[in-house]
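A.B. asks: mind looking at a prediction? Sequence and model below.
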Amino acid sequence: GAVVSQHPSRVICKSGTSVKIECRSLDFQATTMFWYRQFPKQSLMLMATSNEGSKATYEQGVEKDKFLINHASLTLSTLTVTSAHPEDSSFYICSVRGTQGSTDTQYFGPGTRLTVL
Amino acid sequence: AQSVTQPDIHITVSEGASLELRCNYSYGATPYLFWYVQSPGQGLQLLLKYFSGDTLVQGIKGFEAEFKRSQSSFNLRKPSVHWSDAAEYFCAVNAGNNRKLIWGLGTSLAVNP
């Protein structure tokens, strides 16, 4: 399967600041990347789907102006949490789906733990 | 609407015992089914998947799952559990043309020594 990295793995920021999280597909051309949010002891909530070179498609209830997603290349997508507030504290996970092999399998990054003070 | 149900929120087994984690789905067409495992504070690792063909699929770490269309189930099994298997297990179904994953709520597995 694909190897996916996320950076940073952990970030603490002050309320009102913006935080950028990177998701990289290290050995896989990721035409599609997904961003998820996971609350403690809960399942994954899909936030948005991004296709390389296109605008992201956000799920209902997810504010696109607050969670900015850029998928500029086949190996990199970024999620920027703008004007972060304590309620944005969560575990954010990206996944990739590529063009080679099975196109219906998602491979996940290790996640980024965001804490907003 | 598509849905995935994992009836067991939490399961505890003894090391060396067998394991079965249940997953039921609701989906109109032939589903693509997945099991993922998540260790504490980690992302998700694909254990196995079913697209078509043999309904008994083998995965990594000694896991297997069986697709039963008549029961709309895709249960995960392991004959002998190791302490390192303690984790959260998620079942998911690939639904629709946009290929989003529909997730179960997960089953937390604890392993007693």
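C.D. replies: Done, it's in.

A.B. asks: residue B:74 against residue B:23, yeah?
C.D. replies: Yes - assessed by Cβ atoms under 8 Å, residue B:74 is found in contact with residue B:23 at 4.8 Å. Placement of C-beta: from N, CA and C, glycine included.

A.B. asks: residues shared between the contacts of those two?
C.D. replies: Common neighbours of residue B:74 and residue B:23 (criterion: Cβ atoms under 8 Å, 6 or more residues apart in numbering or on different chains): B:33, B:35, B:91.

A.B. asks: contacts only, for the last one.
C.D. replies: Applying Cβ under 8 Å, 6+ apart, one finds that residue B:91 lies in contact with B:4, B:6, B:21, B:23, B:25, B:33-35, B:74, B:76, B:103-104.

A.B. asks: just the ones of those in strands?
C.D. replies: B:4, B:21, B:25, B:33-35, B:74, B:76, B:103 (DSSP state E).

A.B. asks: flag the shaky bits of chain B, pLDDT-wise.
C.D. replies: Where chain B drops to pLDDT under 70, the residues are B:95-98.

A.B. asks: 90 - rerun?
C.D. replies: Along chain B, the parts satisfying pLDDT under 90 run over B:1-3, B:27-32, B:40-43, B:51-53, B:94-102, B:113.

A.B. asks: how about the residues of it by chain A?
C.D. replies: Residues of chain B lying close to chain A by Cβ under 8 Å from any Cβ of the partner chain are B:32, B:34, B:36, B:41-46, B:49, B:51, B:90, B:94, B:98-101, B:103-106, B:108.

A.B. asks: please repeat the previous calculation with a cut-off of 10 Å.
C.D. replies: Contact residues, chain B versus chain A (Cβ under 10 Å from any Cβ of the partner chain): B:4, B:6, B:9-10, B:32, B:34, B:36, B:38-39, B:41-46, B:49, B:51, B:60, B:88, B:90-92, B:94, B:98-106, B:108.
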